[in-house]
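Colleague: here are the coordinates; sequence isn't available:
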Ligand code: NAD
Ligand code: DAU
């Protein structure tokens, strides 16, 4: 029996990974440590409680709190750190919390991992650490050239993880994922925001000219990549996990309108994001050499994602009220 600590397990990717892991490994016990910020949601884990209650423990707590971390990590062999402030626009508004969680919180986890001599520690990072890349694709050895407070905080976290590997021998692995989409994604990010807006015939705010490029990966492909790195990755190494689906934001927007049968006049061009990265692109040779490849085509997974949001209004409607409305006003009202 392996005991696995998954931080941020009540968020989008973390909750998908918890489900993935419990389904795949009948002898694993998962402990989720999550602060339940605006982005954390126990509804993301409701089926887990029902289906795997005997192999799953939830702990509400902050990864920057050494006492909470100490208690949650005790007896765990594997740690995967998904917990983060994850939204670039919020990092531009309020960078401080990003440093507290994404950098300091990672340090607190690494200290506990050192104390408990865990067997593997996976730091979930992002392709945004490379900064934007006008041509070609980023390789793991490339310089980190972060440009937003979010990406700088994520780079700080992974550099600290690497330092703990080199200095103290903490068995660290790093994954750098591209843009995820799929079920349970909080509706502030491009794809779920636009799907849920158009369902309600609300215009979708496209930043700048909409020609920015992201490499989209279905969340379950990201989960399988992380899982492979956890079990087979070489300690101290970073691995890119990219879907290989580079699309402009306008292409994504048109796809969502097509799949929902909504008109083009729902598109509204608004002022660009400050410091907006124009293009990300990942070279995934290294993780493919470990034996990984994505299982979902963009066409199929986008259709499934739109269908999921159409079927799960009960999940997302409550999220678009309260704090979200205040955020939406601040972010978009005068844009
Ligand atoms: P999310 O915002 O949906 O979820 C983050 C989770 O972390 C939430 O459950 C939240 O409550 C929890 N959390 C935040 N601060 C915490 C703290 N101090 N202590 C404990 N829990 C805390 O994020 P996501 O999109 O699921 O991203 C998960 C991870 O993957 C992040 O590390 C992110 O940087 C990384 N990542 C995301 C993407 C993407 O496209 N979404 C791509 C690559 C990498
Ligand atoms: O690349 C991986 C990263 O992808 C992750 O590390 C981050 O956690 C995740 O949030 C995501 O960052 P992005 O900034 O790329 O994602 P977002 O969904 O915010 O935006 C995607 C693109 O869409 C980006 O070019 C900005 C644009 N956009 C976004 C929103 C929310 C719009 O044009 N309008 C919007 O309203």
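Modeller: The structure has been received and is ready for your questions. Values in this document were obtained by computation on a predicted structure and should not be read as measured data. Numbering: from 1, shown residues only. Ligands and ions are numbered 1, 2, ... in the order given.

Colleague: check contacts around residue 104.
Modeller: Residues counted as contacts of residue 104 (C-beta atoms under 8 Å, 6 or more residues apart in numbering) are residue 64. For every residue, glycine as well, the C-beta is placed using N, CA and C.

Colleague: quick one: it and residue 149, what's the gap?
Modeller: For residue 104, the distance to residue 149 equals 14 Å [C-beta to C-beta, to the nearest Å].

Colleague: the helix or strand harbouring residue 122 pairs with which strands, and in what direction?
Modeller: Assessed by DSSP states H and E, residue 122 sits inside strand 120-126. Counting by DSSP bridges, the strands paired with strand 120-126 are strand 78-81 (parallel), strand 172-177 (parallel).

Colleague: may I see those strands organised as CSV, with mean pLDDT added?
Modeller: Formatted as CSV, these follow (pLDDT from 0 to 100):
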stretch, mean pLDDT
strand 78-81, 99
strand 172-177, 99
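
Colleague: of all those, which one is nearest residue 220?
Modeller: Set against residue 220 and scored by C-beta to C-beta, those come closest in strand 172-177, at 12.2 Å.

Colleague: can you list the strands that the next helix or strand after the closest one pairs with?
Modeller: With elements assigned by DSSP H and E, the helix or strand that comes after strand 172-177 is strand 179-181. Using DSSP bridges, the strands paired with strand 179-181 are strand 213-218 (parallel).

Colleague: now for the next helix or strand after the partner strand, which elements pack on it?
Modeller: Counting by DSSP H and E, the element after strand 213-218 in chain order, helix or strand, is helix 219-232. Other elements packing on helix 219-232 under the criterion 3 or more C-beta pairs under 8 Å, 6 or more residues apart in numbering; DSSP states H and E are helix 12-24, strand 78-81, strand 120-126, strand 172-177, strand 179-181, strand 238-241, helix 285-290.

Colleague: as TSV, those with distance to ligand 2 would be great.
Modeller: Formatted as TSV, these follow (distance: least, C-beta to the nearest ligand atom, whole Å):
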stretch	distance to ligand 2
helix 12-24	9
strand 78-81	14
strand 120-126	3
strand 172-177	6
strand 179-181	4
strand 238-241	10
helix 285-290	16
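
Colleague: nearest to residue 212, out of these?
Modeller: Across the helices and strands packed on helix 219-232, residue 212 has its closest neighbour in strand 179-181 (10.8 Å, C-beta to C-beta).

Colleague: the closest one and ligand 1 in contact?
Modeller: Yes - using C-beta under 6 Å from any ligand atom, strand 179-181 comes into contact with ligand 1 via 179, 180.

Colleague: and the helix or strand that comes right after that strand, does that touch ligand 2?
Modeller: Next along the chain after strand 179-181, taking DSSP H and E as the criterion, comes helix 190-199. Yes - contact of helix 190-199 with ligand 2 (C-beta under 6 Å from any ligand atom) involves 190, 193.

Colleague: quick one: contacts of the helix or strand just after helix 190-199?
Modeller: Sequence-wise, the next helix or strand downstream of helix 190-199 (DSSP H and E) is strand 204-207. Strand 204-207 is contacted from outside by 193-194, 197-198, 249-250, 253, 256, 266-273, 276, 332, 335, using C-beta under 8 Å, 6+ apart.

Colleague: quick one: buried ones out of these?
Modeller: 193, 194, 197, 198, 249, 253, 256, 266, 267, 273 (16 or more other C-beta atoms under 10 Å).

Colleague: nearest to residue 52 among those?
Modeller: Nearest to residue 52 among the buried ones among the contacts of strand 204-207 is residue 193, at 30.5 Å by C-beta to C-beta.

Colleague: wait, that closest one touches residue 187, no?
Modeller: Yes - under the contact definition of C-beta atoms under 8 Å, residue 193 touches residue 187, with a separation of 5.2 Å.
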